[in-house]
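Participant: here is my input; please provide its structure:
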Amino acid sequence: MSDYFDEETKQELKAIKDNEKEIEDRFYKDLDFGTGGMRGIIGAGTNRMNKYTVRKATQGLANYIINYSDDGRERGVVIAYDSRHRSPEFALEAALVLNGNGIKTYLFDELRPTPELSFAVRELKAIGGIVITASHNPPEYNGYKVYWEDGGQVVPEQAREIIAEIAEIDDFDLVKRLSRKEAEEKGLLQIIGKKIDDRFIEEILKVLPNKELAKARGGEMPIIYTPLHGTGNKPVCRVLKELGFNRVEVVPEQAVADPDFSTVESPNPEEFSAFKMALEMAEESDPDLIIGTDPDCDRMGLVVKDDSGEYVGLTGNQVGVLMADYLLGQMKEAGTLPDNGVIIKTIVTTEMVRRVAANYGIEVIDVLTGFKFIGEKIKEFKASGKKSFIFGFEESYGYLAGTYARDKDAVIASALVATMALYYRDKGLSIYQKLRELMDRYGYYREDLAAIHLEGKEGQEKIKKTLAKLREEKPENISGNKVIIYKDILEGKSYDYRDGTEEEIELPESNVLQYWLEDESILTIRPSGTEPKLKIYFAVRGETEKEAAEKLKTLKARFLGEVNQILEEI
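Facilitator: Here you go, the predicted structure:
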């Protein structure tokens, strides 16, 4: 075995020498560098996250920077990392490879939220950024996400060019790397921290409405917050405190940056079970809000009291609609609502926001799944001046108001729900009551997501074949409902079965199929870009809560049955 690999790696591989299946899974391919980066299980092997795969990916990125940018070396790359296993090590490895290629790096002095990395790229006028994180994946995972000079994740066209550069690295001897001492002596490795933190919070505070109300009465509203062992503790608590919310209790056990996430089944604020410890604390402190953020603090979950006083979790769609209505209402009241204002959502995010925005004369634009596409639109609007970005969100608990960053931000989301809750509290309304008020007005929208895990090489083949079969069949009936519009985003076509017409879809190519049904339901199916999953999104609308719940239950059961039948047949 090559001297390039350390003893720990050699021993790990020797330990599996008789396990053919494990060897195949670790080496049957290189770890995929997808549309925004790579994510995988930590361990030795080409299909694993380790310092060697990080070095190789970074050398490819370095080559891309040198080849595609005249001043990339001098402008440098910002690097942040979260609380996961080996995150600091992988972040330093990325920095030292960039330094080996003469590219300056700005490495955060300790863990930071992903949205702060996005902000720092813009603030430091860097050519790009890297964040080492696997978001809310299980503890055995880590990942590597790449950002470009606008502060947004690299979009597919850039990603393809970076992937091509990485593919050229067919020998580890092609990787250039300095030692930390050499990098510091040459001034190529710079450590950053507090100054960027201060500017990040400053820009967030500029965006928020009702700061005077928060300063005067924020102390009246109790809040429980959990960072779920991640990066959110310091920035979220700081921004809430600076606003005037001084009755914030943090779940103490989950304030610890624990890479094993030992107090939760999953460090995912999308799952109500992640709030178990916070809910136990709530029995004493009776908070108005329970806020949770994921390990890299780009997603935020919210728990509030319902009409009976029980704590319930709101969906990402519900929170996004509440935020959109609140922001638009505040801008209208202040006379600052732009004529060309736009809300951006992903194609699998609730249609309810379209009706809310229409009430204010505001346009809603759809983009592909992934916040990078929202960031791309913000960049486009800034360049053309034709539209003004107000708010962007996705069903998977990601939100952004303002343009200081180009990625979803759970720090501003936490502050925004706090000011929103206080504003409605001052008017005698709870968050839950406001949501019911909006649903009574616009309809009861319900959405859900099912993810079918299909691990390994065989799983990837099943995902491809399932989508290929659906694409070939173009069903006109699904789950007992007539399909009125069928969209194939890979093909770039939308077919209207009512009149037999077809239209071009103004979205980048993506392996996504979408079915709009006669009863206003929407089904979307796609492979995950970061995990071995087939994802299916369900959306319904009912005139009552009961009707919506029944429609969702029936649609989900029927379509999952149909998909599972396809999986059995292929």
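
Participant: and for Gly43, the neighbour number?
Facilitator: Residues lying near Gly43 (other C-beta atoms under 10 Å) number 16. Where you see a C-beta, it was placed from the backbone N, CA and C, and this is true even at glycine.

Participant: wait, doesn't it sit right on Met49?
Facilitator: Yes: using C-beta atoms under 8 Å, Gly43 is in contact with Met49, at 7.4 Å.

Participant: for the helix or strand hosting Phe373, packing partners?
Facilitator: Element membership for Phe373, per DSSP states H and E: helix 371-384. The contact analysis (3 or more C-beta pairs under 8 Å, 6 or more residues apart in numbering; DSSP states H and E) places helix 371-384 against strand 341-346, strand 363-367, strand 388-394, strand 398-401.

Participant: between those strands, which one is closest to Ile16.
Facilitator: strand 398-401 (37.0 Å; C-beta to C-beta).

Participant: neighbouring strands - and their directions - for that closest one?
Facilitator: Sheet pairing for strand 398-401, assigned by DSSP bridges, gives strand 388-394 (antiparallel).

Participant: the partner strand - what's its average pLDDT?
Facilitator: In this model, strand 388-394 has an average pLDDT of 98.

Participant: one more: stretch 208-218?
Facilitator: Averaging pLDDT along stretch 208-218 gives 98.

Participant: give the buried residues for it.
Facilitator: By 16 or more other C-beta atoms under 10 Å, the buried positions in stretch 208-218 come out as 208-211, 213-214, 217-218.

Participant: same question for stretch 376-385.
Facilitator: Judged by neighbour count using 16+ other C-beta under 10 Å, the buried positions of stretch 376-385 are 376-379, 381.

Participant: could you export that stretch as CSV, CA atoms only?
Facilitator: Presented in CSV, the C-alpha positions along stretch 376-385 are these (Å, rounded to 0.1, in the frame of the first residue of the first chain):
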residue,chain,number,x,y,z
GLU,A,376,-29.0,32.1,-8.2
LYS,A,377,-32.3,34.1,-8.7
ILE,A,378,-31.3,36.7,-6.2
LYS,A,379,-28.0,37.2,-8.1
GLU,A,380,-29.9,37.5,-11.3
PHE,A,381,-32.3,40.1,-9.8
LYS,A,382,-29.4,42.1,-8.4
ALA,A,383,-27.7,42.2,-11.8
SER,A,384,-30.8,43.1,-13.9
GLY,A,385,-32.6,45.3,-11.3
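
Participant: average pLDDT for it, rounded please.
Facilitator: Mean predicted confidence for stretch 376-385 is 95.

Participant: what sits up against it?
Facilitator: The contact list for stretch 376-385 (C-beta atoms under 8 Å, 6 or more residues apart in numbering) reads 150, 152, 155, 342, 344, 365, 367, 387-389, 392, 403, 406.

Participant: how about stretch 490-503?
Facilitator: Contacts for stretch 490-503 (C-beta under 8 Å, 6+ apart): 471, 474, 476, 482-488, 504-505, 507, 509-512.

Participant: is it true that Ile484 lies in a helix?
Facilitator: No: with DSSP: H, G, I helix; E, B strand; the rest coil as the criterion, Ile484 is strand rather than part of a helix.

Participant: just checking, it touches Asp519?
Facilitator: No: contact between Ile484 and Asp519 fails when scored by C-beta under 8 Å: they sit 9.6 Å apart.

Participant: if you count surrounding residues, which of the two has more?
Facilitator: More crowded of Ile484 and Asp519, by other C-beta under 10 Å: Ile484, with 17 against 13.

Participant: give me every residue that touches Ile41.
Facilitator: Ile41 makes contact with 48-49, 140-141, according to C-beta under 8 Å, 6+ apart.

Participant: what about those, which one has the most neighbours?
Facilitator: With neighbours taken as other C-beta under 10 Å, the top of those is Met49, carrying 27 neighbours.

Participant: report the separation between it and Lys56.
Facilitator: Separation of Met49 from Lys56 (C-beta to C-beta, to the nearest Å): 12 Å.

Participant: do the same with Leu567
Facilitator: 34 Å.

Participant: give me the more crowded residue out of these two.
Facilitator: Using other C-beta under 10 Å, the more surrounded residue of Leu567 and Lys56 is Lys56, with 24 against 15.

Participant: how about the strands in the stretch 401-550 of the chain?
Facilitator: Ranges of strands within the stretch 401-550 of the chain are 444-453, 477-478, 481-488, 493-496, 501-504, 513-517, 522-527, 533-542, based on DSSP state E, counting those that start in this stretch.

Participant: so which of those comes closest to Arg299?
Facilitator: In terms of C-beta to C-beta, the element of those nearest to Arg299 is strand 444-453, at 13.6 Å.

Participant: which non-adjacent residue is nearest Ser479?
Facilitator: Spatially, and ignoring its direct neighbours in sequence, Ser479 is nearest to Arg558 (3.6 Å; C-beta to C-beta, 6 or more residues apart in numbering).

Participant: report the inter-axis angle for the longest helix along the chain versus strand 481-488.
Facilitator: Using DSSP state H to define each element, the chain has its longest helix at helix 545-569. Going by axes from the mean of the first three to the mean of the last three C-alpha atoms, to 10 degrees, helix 545-569 is angled at 60 degrees with respect to strand 481-488.

Participant: which other helices and strands does helix 545-569 contact?
Facilitator: With contacts taken as 3+ C-beta pairs under 8 Å, 6+ apart, helix 545-569 sits against strand 444-453, helix 456-473, strand 522-527, strand 533-542.

Participant: if you set the cut-off to 6 Å instead, what comes out?
Facilitator: In terms of contacts (3 or more C-beta pairs under 6 Å, 6 or more residues apart in numbering; DSSP states H and E), helix 545-569 is packed against strand 444-453, helix 456-473, strand 533-542.

Participant: could you say which of those is packed most deeply?
Facilitator: A comparison of those by mean neighbour count, using mean count of other C-beta atoms under 10 Å, puts strand 533-542 on top with a mean of 22.
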